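# what would the 3D arrangement of this be:
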Amino acid sequence: MPKVKEADLNPKVEIYCKYSLGEKIPLKPTTIIYWTRALFGVVAALLSALLSLVAPVNFLNGLSIALLVYIVTYYIYKSLFITKMEKQSKIFTTGVGAYFLTWIVAWTIFYTLLSPHP
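Prediction:
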């Protein structure tokens, strides 16, 4: 029976990042859309919270702002990435969960901070 070395039993797993080698890798359009949608969720939340200072607070008012911002970003992304995406529907659905989750959490925080105390 051949003798097995300890190094063979515990192989080292090394993961290399291409950025550490000095290469610049362009981001995929889906990555750009996903993360900017999450940032736009914060912007929509701030707009919704600021609207609550001048208008009666209503969940539908805030949701309307969020939907409006989402639809505007869809048309912006559509004009930028239409040739780079295989499906046009992918532009609409990429980042939808991150956007609305970020929006609702940020809106709650902004509304709490901006609302006057009773």
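# helices of this structure, start to end?
6-9, 29-54, 59-81, 88-93, 96-114 (DSSP state H).
# now the fourth one: mean pLDDT?
Regarding helix 88-93, the rounded mean pLDDT is 89.
# that helix: which residues count as buried?
residue 91 (16 or more other CB atoms under 10 Å). Placement of C-beta: from N, CA and C, glycine included.
# low-confidence regions, this structure specifically.
1-25, 117-118 (pLDDT under 70).
# cutoff 50 now
Within the chain, the stretches with pLDDT under 50 are 10-17, 20.
# ok, back up a step: kindly compare burial across the helices of the chain and name the winner.
helix 29-54 (a mean of 18; mean count of other CB atoms under 10 Å).
# which strands and helices sit next to that helix?
Under the contact criterion of 3 or more CB pairs under 8 Å, 6 or more residues apart in numbering; DSSP states H and E, helix 29-54 touches helix 59-81, helix 96-114.
# now those helices as JSON lines including distance to residue 46?
Listed next are the helices and strands packed on helix 29-54 as JSON lines, based on distance: least, CB to CB, whole Å:
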{"stretch": "helix 59-81", "distance to residue 46": "10"}
{"stretch": "helix 96-114", "distance to residue 46": "6"}
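# out of those, flag the one nearest residue 29.
helix 59-81 (4.5 Å; CB to CB).
# how about residues contacting the closest one?
The contact list for helix 59-81 (CB atoms under 8 Å, 6 or more residues apart in numbering) reads 29, 32-33, 36-37, 40-41, 43-45, 47-49, 51-52, 55, 88, 91-92, 96, 99-100, 103, 107.
# could you check the angle helix 96-114 makes with that helix?
Taking axes from the mean of the first three to the mean of the last three CA atoms, to 10 degrees, one finds helix 59-81 and helix 96-114 inclined to each other by 130 degrees.
# how far does helix 59-81 sit from the chain's center?
Its chain's average C-alpha position is 13 Å from that of helix 59-81, according to CA atoms, centre = their mean, to the nearest Å.
# mind starting the numbering at 249 from now?
Sure, I'll start numbering at 249, so the last one becomes helix 307-329.
# that one to helix 277-302, inter-axis angle?
Using the same axes, to 10 degrees: helix 307-329 against helix 277-302 is 150 degrees.
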